[in-house]
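J.: Got a sequence here, can you build the structure:
(chains A and B)
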Protein chains: 2
Amino acid sequence: MESIKVFAPATVANVACGFDIFGFAVDAPGDEVIVKKRNDKQIVITKISGDEGKLTLDASKNAVTVPIIAFLKKNGIEQGFDVELHKKMPLGSGLGSSSASSVAGVFAVNEILGKPCTTKSLLPFSMEGERIACGSAHADNVAPALMGGFVVIRSYNPLDIFSVPTPSELFVTIVHPDIEVNTKDARHILRNEVSMKNTIAQMGNVAGMIAGLMQSDYDLIARSMVDFIIEPVRAILIPEFWEVKHAALEAGALGCSISGAGPSVFAFSKGQSTAEKVAMAMKTAFEKASIHCNAYVSGVNIHGPKVIN
Amino acid sequence: MESIKVFAPATVANVACGFDIFGFAVDAPGDEVIVKKRNDKQIVITKISGDEGKLTLDASKNAVTVPIIAFLKKNGIEQGFDVELHKKMPLGSGLGSSSASSVAGVFAVNEILGKPCTTKSLLPFSMEGERIACGSAHADNVAPALMGGFVVIRSYNPLDIFSVPTPSELFVTIVHPDIEVNTKDARHILRNEVSMKNTIAQMGNVAGMIAGLMQSDYDLIARSMVDFIIEPVRAILIPEFWEVKHAALEAGALGCSISGAGPSVFAFSKGQSTAEKVAMAMKTAFEKASIHCNAYVSGVNIHGPKVIN
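T.: Have a look, this model is predicted:
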């Protein structure tokens, strides 16, 4: 195989109550990467589309190639690649844009080389892409983008990640408003301390979320989708957040919160038709304030990245 | 039916990472209560054994009768009872002694009256017993004592409680050292704030614990039995705690932490024979410091209170 094209999915991190520990992948949107073997050892970004010229072509500094370089070095593989990156999702949207690129690149190279490594073992390399893009190697977007499904990062040091099954009728609505939130700013406005009361309440919701997902208990999922710690602070960065959330819940969503660091807002619903009604309601709420937005409705993507034609 | 005898189990609250939200019941020890119908409306404590004279015979102030009085009042039932309480477990041990009494009393009265209420609906009354005994109406001992099994209190307001299945080979070792810790003191030494870092790490363990229990993943249970918030503070109140914990882990326990507010220490193990080895190791560690203790090995009690002959 000389060339391969790979899709890696967008992801929703935090998922209401699970700051830095929960994330899941969606069917769409996502990034596409094409890698081609070269006759030398170089890693070259030959093309980037869909980024409005914002991403660097320097392979040592781009989230799509940094994981590839780390992977090849670690495995002692001296093969060069041309890399094309097609961003099919907005940058800085809170949908794990850099993670999708980080995962797609190294997954493609592992595939084209005949899978010398397991998919899960690609995680530390993908996290290096996240580090170059965001300043820290968080795993709550990268892990679900790579492994698919709903993922829990139990521990960062040592890295300990596991997957949780999700109910078959669980659908996701994502609405991306056309405004900018810098991930680093979104982290800086958070407090370093949490009240004991909020810690206990949040732990209760984390437990409820895991049990609700594993038992297909939609009511328990809904009751557990409450974030006492992050959402009240970050909501300030998203105009109309409370109106959009209210609209989602009124339209029948199980719960609604900020996707990652925002500005995208996501909701869970039982059934696709409800998720589509919720999308309309959320979009309308943003547009009332003249904020243009894109809406996506999707199942939870249990496969992660995939080779496409 | 004129008379009934009921057993209600001891319970382990907090369970390492789940401060105020996790609790489970054990097969032994526990309390026994005998209630007999009277010919008037009075609630009278006729006998208490096993308390070394520490508990009051005043029915309006004892954890065994306060729930009964609240239950009868709420349901408009004008029937009096004689109540005998046989403490078969140590007071102030961190094993939910007052909860066992609170549950046994009201469960017995509900039974003798032909079950006008469901078992779960007895919870608010039992919590009143906890309030009279401990100063606050916590549910992490009362709920598992009443419902059996491993219980999560997702929320206190509104009260939202659910059960989690446990693996068949999960065994509990409890060691109760003969020292005193006051529950109110144990609560007062806790800080009101938790670092964001510890909150995130603890949430990861809460998620891991629930998934581990539900998937019978003993390794995940073991990795998740880490408490960054409470144990490091309360361990100060229990002489030899770290030596006892080390001995438990060395003997093969999955994890080991403080039961409730202490001083009892509990461990989970895979299999009864390991749990018995762990009991010996923990007991030896306490006794090296000349601290006398009692050890119990038990499965997780999935039935809660029961009528006995």
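J.: Tell me where the stretch 51-200 of chain A has helices.
T.: Along the stretch 51-200 of chain A, counting by DSSP state H, counting those that start in this stretch, helices occupy A:66-74, A:97-112, A:123-134, A:142-147, A:183-188, A:196-214.
J.: In the stretch 101-250 of chain A, where is pLDDT below threshold?
T.: A:182-184 (pLDDT under 70).
J.: Near chain B, which residues of it? Just list them.
T.: Proximity of the stretch 101-250 of chain A to chain B, by Cβ under 8 Å from any Cβ of the partner chain, involves residues A:152-155, A:160, A:162, A:164, A:190-196, A:199-211, A:214-215, A:217, A:220, A:223-224, A:229. Every residue, glycine included, has its C-beta placed from N, CA and C.
J.: Would you mind listing which of those residues are buried?
T.: A:152-155, A:160, A:162, A:164, A:194-196, A:199-211, A:214-215, A:217, A:220, A:223-224, A:229 (16 or more other Cβ atoms under 10 Å in any protein chain shown).
J.: Spell out the residue ranges of the strands in the stretch 1-150 of chain A.
T.: Using DSSP state E, counting those that start in this stretch, the strands of the stretch 1-150 of chain A run over A:3-13, A:22-37, A:43-49, A:81-86, A:150-156.
J.: partners of the fourth one, with directions?
T.: It refers to strand A:81-86. As defined by DSSP bridges, the strand partners of strand A:81-86 come to strand A:22-37 (antiparallel), strand A:43-49 (parallel).
J.: Now tabulate those strands in TSV and tack on distance to A:D185.
T.: Formatted as TSV, the strands paired with strand A:81-86 follow (distance: least, Cβ to Cβ, whole Å):
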stretch	distance to A:D185
strand A:22-37	20
strand A:43-49	25
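J.: These: which one's closest to A:A16?
T.: Of all the strands paired with strand A:81-86, strand A:22-37 sits nearest to A:A16, with 8.0 Å by Cβ to Cβ.
J.: Just want the angle from the closest one to helix A:66-74.
T.: With axes from the mean of the first three to the mean of the last three Cα atoms, to 10 degrees applied, the angle from strand A:22-37 to helix A:66-74 works out at 70 degrees.
J.: Strand A:22-37 relative to helix A:97-112, how many degrees between them?
T.: 50 degrees.
J.: relative to strand A:3-13, how tilted is strand A:22-37?
T.: Angle, strand A:22-37 to strand A:3-13, by the same axes, to 10 degrees: 160 degrees.
J.: Send me strand A:22-37 as PDB with only the CA atoms.
T.: Extracted in PDB, the C-alpha atoms of strand A:22-37 (Å, rounded to 0.1, in the frame of the first residue of the first chain):
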ATOM      1  CA  PHE A  22     -15.200  12.000  30.000                       C
ATOM      2  CA  GLY A  23     -15.200  12.200  26.200                       C
ATOM      3  CA  PHE A  24     -17.100  10.500  23.300                       C
ATOM      4  CA  ALA A  25     -16.800  10.400  19.600                       C
ATOM      5  CA  VAL A  26     -19.500  11.300  17.000                       C
ATOM      6  CA  ASP A  27     -20.100  10.100  13.500                       C
ATOM      7  CA  ALA A  28     -19.700  13.600  12.000                       C
ATOM      8  CA  PRO A  29     -18.100  16.000  11.600                       C
ATOM      9  CA  GLY A  30     -14.400  14.900  11.500                       C
ATOM     10  CA  ASP A  31     -11.100  15.300   9.700                       C
ATOM     11  CA  GLU A  32      -9.700  13.500   6.700                       C
ATOM     12  CA  VAL A  33      -6.000  12.800   6.200                       C
ATOM     13  CA  ILE A  34      -4.200  11.300   3.200                       C
ATOM     14  CA  VAL A  35      -0.700   9.900   3.700                       C
ATOM     15  CA  LYS A  36       1.600   8.700   0.900                       C
ATOM     16  CA  LYS A  37       4.900   6.900   1.200                       C
END
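J.: Buried residues, that strand. List them.
T.: Going by neighbour count (16+ other Cβ under 10 Å), the buried part of strand A:22-37 is A:22-27, A:29-36.
J.: measure stretch A:230-246 end to end?
T.: Length of stretch A:230-246, first residue to last, Cα to Cα, to the nearest Å: 18 Å.
J.: who's in contact with that stretch?
T.: Stretch A:230-246 is contacted from outside by A:14, A:16, A:19, A:175, A:177, A:179, A:181, A:185-186, A:189-191, A:256-258, A:261-263, A:265, A:282, A:285-286, A:288-289, A:291, using Cβ atoms under 8 Å, 6 or more residues apart in numbering or on different chains.
J.: Looking at those, which are in strands?
T.: Taking DSSP state E as the definition of strands, these contribute A:V175, A:P177, A:C256, A:S257, A:I258, A:V265.
J.: Of the residues you listed, just say which sits nearest to B:A100.
T.: A:S257 (39.5 Å).
J.: Which residues does that closest one form beta bridges with?
T.: On the basis of DSSP bridges, A:S257 is bridged to A:F266.
J.: A:V26 too?
T.: Here A:V26 sits in beta bridges with A:V300, as judged by DSSP bridges.
J.: now swap in A:C293 and tell me
T.: Going by DSSP bridges, A:C293 is paired in beta bridges with A:P177.
J.: on that earlier part again, I'd like the buried residues of strand A:22-37 as CSV, with pLDDT appended.
T.: Below are these laid out as CSV (pLDDT from 0 to 100):
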residue, pLDDT
A:F22, 98
A:G23, 98
A:F24, 98
A:A25, 98
A:V26, 96
A:D27, 94
A:P29, 93
A:G30, 95
A:D31, 96
A:E32, 97
A:V33, 98
A:I34, 98
A:V35, 98
A:K36, 97
